[in-house]
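Asker: 3D model of this:
(chains A and B)
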There are 2 protein chains.
Amino acid sequence: MHNPADQSLAKKLPQGTLRDITPAYLEEPRSRFHGQAGLIAAPHDAAETAAIIRACAEANVAIVTRGGGTGLVGGQVMPDGPAPLILSLERMTAIRAIFPEENVLLAEAGCTLQQARDAASTAGRQFPLSLASQGTAQIGGVLSTNAGGVNVLRYGNARALCLGVEAVLPSGEIIHDLKRLRKDNTGYDLRDLLIGAEGTLGVITAASLVMAPIPPEIGTAMMVVESPAAALSLLALAQSRMAGCVTAFELISGQGLRFLDTAFPDLRQPFADRPDWLVLIEVGLPTGLSADEALEALFVDGAESGLVSDGVISQSGQQSTDLWNIRETIPDANRQIGAIASHDISLPLSEIARFITDATAMLSAQGDMRINCFGHLGDGNLHFNLFPAEGRSRDEYDPIRKDLSRAIHEMVVSRGGSFSAEHGIGRLKAADLARWADPARLAAMRAVKAALDPKGIMNPGVIFPT
Amino acid sequence: MHNPADQSLAKKLPQGTLRDITPAYLEEPRSRFHGQAGLIAAPHDAAETAAIIRACAEANVAIVTRGGGTGLVGGQVMPDGPAPLILSLERMTAIRAIFPEENVLLAEAGCTLQQARDAASTAGRQFPLSLASQGTAQIGGVLSTNAGGVNVLRYGNARALCLGVEAVLPSGEIIHDLKRLRKDNTGYDLRDLLIGAEGTLGVITAASLVMAPIPPEIGTAMMVVESPAAALSLLALAQSRMAGCVTAFELISGQGLRFLDTAFPDLRQPFADRPDWLVLIEVGLPTGLSADEALEALFVDGAESGLVSDGVISQSGQQSTDLWNIRETIPDANRQIGAIASHDISLPLSEIARFITDATAMLSAQGDMRINCFGHLGDGNLHFNLFPAEGRSRDEYDPIRKDLSRAIHEMVVSRGGSFSAEHGIGRLKAADLARWADPARLAAMRAVKAALDPKGIMNPGVIFPT
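Answerer: Numbering: from 1, shown residues only, chains lettered A, B, ... in the order given. You can find the predicted model right below:
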């Protein structure tokens, strides 16, 4: 069921790459954008990818590269303009090689993050990137959006976990640069330029990824803190005690816990009184140091400094899973409650506590609503999401929704923060980028885009507004 | 004493920025290249830097940006073509701000690495980049060359330690992007493009740098291993035991120890019999785990696995300094002995042991010589340096020097390695890059260069041969 107008292009594509157009290729999780497609092609390797890109360039047909489709900013769909070709990496799912002694894994772009994690695990290692959509999100998309998740504090974003790429440029040329080196200073860092470019500069078809040893001692704790400021002091204390071995440090608000009560009443929570602020801490420690004891000592030290008032340290893998489950069910609870607006923001660590106070005050002046502020505090990355007051509906907030988001983003940017910490720009935030990005940086970005994709065929409308 | 021909340009530069041309600005440490200068300008801030760059662009005068001048590949001098303007960052030496609670430091490009390290230290933190020339090397150069050093294993290269930059583009526009964020997915990663571009895409004038907590327990040990393969197995064992808390893992050869005997006979060495291979290990561990005991346990485990046969664990700061001193005096000993050729190479970890064996065999077929192979084994980065046989002079090897280096680099590249691991391309290796770089990558690099520096005024001859 291809668009008949595209039959001449279809004939130029490598045999056996075309797929039927089905709705799944045209959707994005938040249903803000509805895509269209003239053709869908799924290459088997980089050479076919290159042939598809060359054919599209010749025919002046736009290309939307699609991985697992889990992105939250509409980078995976093209709702307007002439129908694009959707280039799906779904057939490139091989783990090409594993080098346990190097802590390196070569994965094709269409592998899901879970597949890469499983492959590492089979080799007695970990691929330390973890996010809610990992069963669906693909390595190519994870890299193209420089995905984050819960272990960035210790292991970095996706960018920090990639040593090299195989990629096809808009010219149809293939970069063969799947290096497995920790040090290689031979020219411009095109790898990091492609990573985070959201498919606008080319298509990553495979990557060499960094694995890490599994820490011998892993521990999880949940601690009650009085405020985000206390949580940040506890983080600093934990980092200095643990020599940087804190693998996750997540903030959870009382509002989030109460949403869980509403949406998932059977989910057991460790603190009966639903404290205002909690942190979930995970540590990965060397042999010879019990994680339990280290977390206990942190708690004692934190309590003596007045930072923590209550806490629970997991005594088993199951307890640890249960604690993580609380954190990871919050987005589901949010969906059930129904947000007015969500914000994926980051701030310099020393600005966070004041931001939460000031933004909360600013919002309460705008109307009656509930705020669920949670996220990767260790990275300065908050999900600052707004919900209707109890008994009111989302629709009632329609008239002020955009203004609320704008006000929050302005406050974030004015304090040195980012209006897109881990989700990227996509289509959703292209206008925001044009508004807030440093003009010289934006001009240089445009120059790079024009240099590598002079016809502008790669994911038009993403990052740069059309 | 400016070049009279440049007086019209001189008049257009910001007042008080010109400096006299002295030999120090025209030199590089290995004296392979001798620079020239029409003018030397040292701006006080980014605005003056921009004015200088605009004036040069208008006059079509090349710009060689100069930091501490410690680079080893001739990137800091321009020996031929019309005399350039040398842009020295020597007047931009401020530590603009320190945010201990964020582990962030804002430093101007002209700060020495040592100044940045001292500033972090004063704030109770560390700036974990360490290299021999840190007293002279400047932050701008360290970033522009993506410098490495001894702690890359734990903390990454310079690139991994920079969150944002202030930089002037060849257009004279200033990028204000000194962000202090661990997560910020708002468009292309121009920061990492400027880092490692060796002054060919613009001038970094300031940077926000990552500090790290000082580990509570620090320990150093030297262990005797039978072979590089055993050293690599010991590294894997150490990493899995220490949850990634190994901060340095340096390989030292018996040849290096014997060079120390010759050049520095008073330097005390821990092993009387000068073993064939040693490793220097440093760990930085959490509170509650004695570094001594952890290293002792590693030694016992390594001995049981047949990986180590002897060892010494430092019992004091002084002993640790003494052990490091052995490692860090090796380059001085090398200089005294006088190398035929030096190679800054990296390899995938699983290729290293075989490479050392094969390269040694290949060289012994070429002639009688001594090899001092040492370096940052944990990063797969070796300094593989060739010396005359005892009693022979360097000059005797002149006829085969280039062929030897070429043969080594070919062997490295054919095994997935890099012919410039941490020193960069500069002028010295521009032809090597043209020869060995992936053609599509090189074409894309050239496109980016042409897009950002269409007149080609920034450090011509560096990275791309003229």
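Asker: What ranges does the stretch 151-300 of chain A have for its helices?
Answerer: The residue ranges that make up the helices of the stretch 151-300 of chain A, judged by DSSP state H, counting those that start in this stretch, are A:152-155, A:190-194, A:228-242, A:254-263, A:291-304.
Asker: got CSV for the ones you listed, with mean neighbour count, distance to chain B and mean pLDDT too?
Answerer: Every C-beta, even on glycine, is put in place using the N, C-alpha and C of the backbone. Compiled in CSV, these are given as follows (neighbours: other Cβ atoms under 10 Å in any protein chain shown; distance: least, Cβ to the nearest Cβ, whole Å; pLDDT from 0 to 100):
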stretch, mean neighbour count, distance to chain B, mean pLDDT
helix A:152-155, 24, 6, 96
helix A:190-194, 24, 4, 98
helix A:228-242, 21, 4, 96
helix A:254-263, 19, 20, 98
helix A:291-304, 18, 6, 97
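Asker: a markdown table please, covering those helices and showing distance to residue A:180.
Answerer: Compiled in a markdown table, these are given as follows (distance: least, Cβ to Cβ, whole Å):
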| stretch | distance to residue A:180 |
| --- | --- |
| helix A:152-155 | 17 |
| helix A:190-194 | 13 |
| helix A:228-242 | 29 |
| helix A:254-263 | 41 |
| helix A:291-304 | 31 |
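Asker: Can you say which of those is nearest to residue A:89?
Answerer: Shortest distance between residue A:89 and the helices of the stretch 151-300 of chain A, using Cβ to Cβ, is found for helix A:190-194: 14.0 Å.
Asker: Counting by contacts, list what the closest one packs against.
Answerer: Taking 3 or more Cβ pairs under 8 Å, 6 or more residues apart in numbering or on different chains; DSSP states H and E as contact, the helices and strands that helix A:190-194 lies on are strand A:162-168, strand A:174-177, helix B:190-194, helix B:439-452.
Asker: is the first one anywhere near chain B?
Answerer: No - applying Cβ under 8 Å from any Cβ of the partner chain, one finds that strand A:162-168 is not in contact with chain B, the shortest distance being 8.5 Å.
Asker: ok, now the second one?
Answerer: Yes - in terms of Cβ under 8 Å from any Cβ, part of strand A:174-177 sits within range of chain B, namely A:174-177.
Asker: those helices in the stretch 301-450 of chain A, which residues are they?
Answerer: Along the stretch 301-450 of chain A, the stretches classed as helices by DSSP H, counting those that start in this stretch are A:317-337, A:349-366, A:398-414, A:430-436, A:439-452.
Asker: Pick the most deeply packed of the ones you listed.
Answerer: helix A:439-452 (a mean of 19; mean count of other Cβ atoms under 10 Å in any protein chain shown).
Asker: Mind listing residues that contact that one?
Answerer: Residues outside helix A:439-452 that contact it (Cβ atoms under 8 Å, 6 or more residues apart in numbering or on different chains) are A:169-171, A:193, A:200-202, A:433-434, A:437, A:456, A:463-464, B:169, B:171, B:173-177, B:187-188, B:190, B:193, B:444, B:447-448, B:450-452.
Asker: picking up where we left off before, so for residue B:101, which of the helices of the stretch 301-450 of chain A sits nearest?
Answerer: The closest of the helices of the stretch 301-450 of chain A to residue B:101 is helix A:349-366. By Cβ to Cβ, the value is 5.0 Å.
Asker: quick one: that closest one to helix A:398-414, angle?
Answerer: 160 degrees (axes from the mean of the first three to the mean of the last three Cα atoms, to 10 degrees).
Asker: Next, the angle helix A:228-242 makes with helix A:349-366.
Answerer: Using the same axes, to 10 degrees, helix A:349-366 lies at 160 degrees relative to helix A:228-242.
Asker: Helix A:349-366 - contacts with which helices or strands?
Answerer: So helix A:349-366, by 3+ Cβ pairs under 8 Å, 6+ apart, packs with helix A:228-242, strand A:369-376, strand A:381-388, helix A:398-414.
Asker: Which of these sits closest to residue A:267?
Answerer: Judging the helices and strands packed on helix A:349-366 by Cβ to Cβ, what sits closest to residue A:267 is strand A:369-376, at 15.2 Å.
Asker: That closest one near chain B at all?
Answerer: Yes - counting by Cβ under 8 Å from any Cβ, contacts between strand A:369-376 and chain B involve residue A:376.
Asker: Can you tell me which of the helices and strands packed on helix A:190-194 is nearest to residue B:354?
Answerer: Sorting the helices and strands packed on helix A:190-194 by Cβ to Cβ, the top spot, which is the nearest, belongs to strand A:162-168 at 20.0 Å.
Asker: Paired strands for the closest one, with orientation please.
Answerer: When pairing is defined by DSSP bridges, strand A:162-168 lines up against strand A:174-177 (antiparallel), strand A:203-210 (antiparallel).
Asker: Nearest to residue B:75 among the helices of the stretch 151-300 of chain A would be which one?
Answerer: Closest to residue B:75 of the helices of the stretch 151-300 of chain A, according to Cβ to Cβ: helix A:190-194, at 19.1 Å.
Asker: okay if I get the strands paired with strand A:162-168 as a markdown table plus mean neighbour count and distance to residue A:257?
Answerer: Rendered in a markdown table, the data for these read as follows (neighbours: other Cβ atoms under 10 Å in any protein chain shown; distance: least, Cβ to Cβ, whole Å):
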| stretch | mean neighbour count | distance to residue A:257 |
| --- | --- | --- |
| strand A:174-177 | 21 | 46 |
| strand A:203-210 | 27 | 35 |
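Asker: wait, which of these is closest to residue A:259?
Answerer: Closest of these to residue A:259 is strand A:203-210, at 34.8 Å (criterion: Cβ to Cβ).
Asker: Using PDB, write out every CA atom in the closest one.
Answerer: As requested, the backbone C-alpha atoms of strand A:203-210 are provided in PDB (Å, rounded to 0.1, in the frame of the first residue of the first chain):
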ATOM      1  CA  VAL A 203      21.800   7.300  10.200                       C
ATOM      2  CA  ILE A 204      23.800   5.400  12.800                       C
ATOM      3  CA  THR A 205      23.700   1.700  11.700                       C
ATOM      4  CA  ALA A 206      25.900   0.100  14.300                       C
ATOM      5  CA  ALA A 207      27.900   1.200  17.400                       C
ATOM      6  CA  SER A 208      30.700  -0.100  19.600                       C
ATOM      7  CA  LEU A 209      29.400   0.300  23.100                       C
ATOM      8  CA  VAL A 210      31.100   0.400  26.500                       C
END
